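Visitor: Sequence and predicted structure, then a few things I'm wondering about:
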Amino acid sequence: MATITADLNKCQGYANCVVTDPDTFDLDDDGKVVLVRARIADEDVAVADEAVRSCPAAALMLDSSRS
């Protein structure tokens with residue numbers, strides 16, 4: 001299981017993440033990212049990682065480390 005976090009101060013509302021993974025990301029009325037889910041199942045990590053990497057503002061982080 002992985003975890004996604006968003007830095008709303010960095011988010012510029014490009015919506016690349018939403019286009020790539022709409023099951024995980026959305027935008028609010030102000031154009032800032034909203035995490036639909038912050039915990040990502042192992043089978044969905046590849047798509048979530050692609051969405052995180054697609055953010056030109058580097059506002060998203062994916063932590064797939066295991067304790």
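Guide: Yes, it's here.
Visitor: Show me where this structure dips below the pLDDT cut-off.
Guide: 66-67 (pLDDT under 70).
Visitor: Find the nearest non-adjacent residue to residue 15, please.
Guide: residue 27 (5.8 Å; C-beta to C-beta, 6 or more residues apart in numbering). To be clear about C-beta, it is placed using only N, CA and C from the backbone, and glycine gets the same treatment.
Visitor: cool, residue 41 as well?
Guide: Setting aside the residues directly before and after it, residue 41 is nearest to residue 1 in space (C-beta to C-beta, 6+ apart), at 6.4 Å.
Visitor: Tell me, how many residues neighbour that neighbour?
Guide: Residues contacting residue 1 under the criterion other C-beta atoms under 10 Å number 11.
Visitor: The residue nearest to residue 15 contacts residue 19, doesn't it?
Guide: No - contact criterion C-beta atoms under 8 Å: residue 27 and residue 19 do not qualify, at 10.6 Å.
Visitor: what about those two, which has more around it?
Guide: Applying other C-beta under 10 Å to residue 27 and residue 19 shows that residue 27 carries more neighbours, namely 15 against 11.
Visitor: if I pick the more buried one, what's in contact with it?
Guide: By C-beta atoms under 8 Å, 6 or more residues apart in numbering, residue 27 lies in contact with 13, 15, 18, 33-34.
Visitor: now swap in residue 23 and tell me
Guide: Applying C-beta under 8 Å, 6+ apart, we find residue 23 in contact with 36-37, 44.
Visitor: what about 7 Å?
Guide: residue 36 (C-beta atoms under 7 Å, 6 or more residues apart in numbering).
Visitor: Great, nothing more from me.
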